[in-house]
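Participant: Would you be able to build a 3D model of this:
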Amino acid sequence: MKKFLIGIAMYVVFIILYFVQADFFSWFTIAGISPNIFLIFILFLGLFTDNLFSIIMALLTGITLDLIVGRATCISPIIFSIVAIIAGYFDKNFSKDNKITIMIMVVGMTIVCEIVNYFLNAAILESLIELKSFIRILLIETLYNAILTIIFYGAIIKLGYKLERQFKQKNILTRYF
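Facilitator: Numbering: from 1, shown residues only. A predicted model of the protein is given here:
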């Protein structure tokens, strides 16, 4: 029941992040490019919760995002699910206590996800591939995501460890005779 309520709370956080992305970051763009805070959010969930929860949240947020934006390609749920799975791998193999490590994870995931997103959209929508503009967008968005990660690192870690205590605690009941 507690995990279900946390799931609802994280979905509400996603809705708030959508409005922040759509309203606030539409005013504060770098060369017309805004960050992908949904990617940071899903990476955060994948690092601090269990795999099943983060994948379910990735699917829900991706489907919601596609419905709100009006895309019928379902690329967002696939990409967000991949981010959640890779974040689970990162959780097992890397430390979350280092700001540089988290920043490298965000930079790497931004690059991978934007490349996959761009080429899947180009293939599905049969559009031309404009490599020069794509690289410009990729570099600016990666830089923007890295800066936001540095700025909000303290809040991410603090909230993350609270979530981790709920999802990854080991409740072992022992009996003493």
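
Participant: Name the residues that touch the helix or strand containing residue 133?
Facilitator: According to DSSP states H and E, residue 133 maps onto helix 131-151. Around helix 131-151, the neighbours that count as contacts under CB atoms under 8 Å, 6 or more residues apart in numbering are 30-31, 33-37, 39-40, 99, 102-103, 106-107, 110-111, 114-115, 118, 156. The way it works is simple: take the backbone N, C-alpha and C, and place the C-beta from them, glycine included.

Participant: When you filter these down to buried only, what's left?
Facilitator: 33-37, 39-40, 102-103, 106, 110, 114, 118, 156 (16 or more other CB atoms under 10 Å).

Participant: Which two among those are spaced furthest apart?
Facilitator: The two members of these with the most space between them (CB to CB) are 118 and 156, at 26.3 Å.

Participant: before we move on, the earlier item: buried stuff in the helix holding residue 133?
Facilitator: Buried residues in helix 131-151 (16+ other CB under 10 Å): 137-138, 140-142, 144-146, 148-149.

Participant: Select, from the residues you listed, the two members most distant in space.
Facilitator: Spatially, the most separated pair among the buried residues of helix 131-151 is 137 and 149, at 18.3 Å (CB to CB).
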